[in-house]
Structures are given as structure tokens and as C-alpha cells.
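**Q** need a 3D model of the following:
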Amino acid sequence: MIASRTIARKCKQLRRQGNMTRTQLAAKTGLSSRTINRIEGAEQSGYNPHLATLNELAKGFRVSLGDFLTAPARNR
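**A** Numbers count the residues shown, from 1 in each chain. Predicted structure coming up:
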């Protein structure tokens, strides 16, 4: 199972690369702002979204689900 912190980091990374706010991402994906907040806050909370939610995020970012679920590059 993929770690919730990996999902949180990837979501933040892709959202920032797209110059989107959480509200804009929610509108683009059809997910609620609360869901986006929970996903991005998962590094601390451990929230694990459903696969369908992850699929909607991947579509919103225009990446495959597999690419979305890979760990983001670490800043060094």
C-alpha cells in the first residue's frame, strides 16, 4: 500500500507546478475543498483517500494514476 504522505507530497507538488490553489484543484477535479485539504494534510493525519478519489486527482493533473502514485522528487 502506498503511504499517505507520498500521496500528500505528490498532490502538493503537482498542484504547485500547475500554479493552482486547493480551491482551484477542487473545482478542476470535482472533489470538495475539504477532500483536497485532507489529502494534502495526510502527512500528519494519515488520511487514505479512496482509489476513485486518487483517479480523479490524476485526471485533474493530466497524469496517469501510476505516475500520480509514484513518490515525488525530494528537494535537496
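**Q** okay, now the unreliable bits of the chain?
**A** 1, 43-44, 71-76 (pLDDT under 70).
**Q** show me what the helix or strand harbouring residue 5 is packed up against.
**A** Under the criterion of DSSP states H and E, residue 5 resides in helix 4-17. Helix 4-17 sits against helix 33-40, helix 42-45, helix 51-61, with contacts defined as 3 or more CB pairs under 8 Å, 6 or more residues apart in numbering; DSSP states H and E. Where you see a C-beta, it was placed from the backbone N, CA and C, and this is true even at glycine.
**Q** list the first helix or strand encountered after that helix toward the C-terminus.
**A** helix 22-29.
**Q** got the angle for that next one vs helix 4-17?
**A** 90 degrees (axes from the mean of the first three to the mean of the last three CA atoms, to 10 degrees).
**Q** re the thing from before, tell me the angle the helix holding residue 5 makes with helix 51-61.
**A** Using the same axes, to 10 degrees: helix 4-17 against helix 51-61 is 20 degrees.
**Q** chain center to helix 4-17: distance?
**A** 5 Å (CA atoms, centre = their mean, to the nearest Å).
**Q** buried set for that helix?
**A** Across helix 4-17, burial judged by 16 or more other CB atoms under 10 Å covers 4, 7, 8, 9, 10, 11, 12, 14, 15.
**Q** make CSV out of those and add distance to residue 26.
**A** Converted to CSV, the buried residues of helix 4-17 look like this (distance: CB to CB, whole Å):
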residue, distance to residue 26
4, 19
7, 16
8, 15
9, 18
10, 17
11, 11
12, 14
14, 14
15, 10
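**Q** can you pull the contacts of residue 28?
**A** 20, 60 (CB atoms under 8 Å, 6 or more residues apart in numbering).
**Q** what separates it from residue 8, distance-wise?
**A** 18 Å (CB to CB, to the nearest Å).
**Q** about what we covered before: can you put the helices and strands packed on helix 4-17 in CSV and add distance to residue 19 and mean neighbour count?
**A** What follows is those, written out as CSV (distance: least, CB to CB, whole Å; neighbours: other CB atoms under 10 Å):
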stretch, distance to residue 19, mean neighbour count
helix 33-40, 15, 18
helix 42-45, 22, 14
helix 51-61, 12, 17
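**Q** cool, thanks, talk later.
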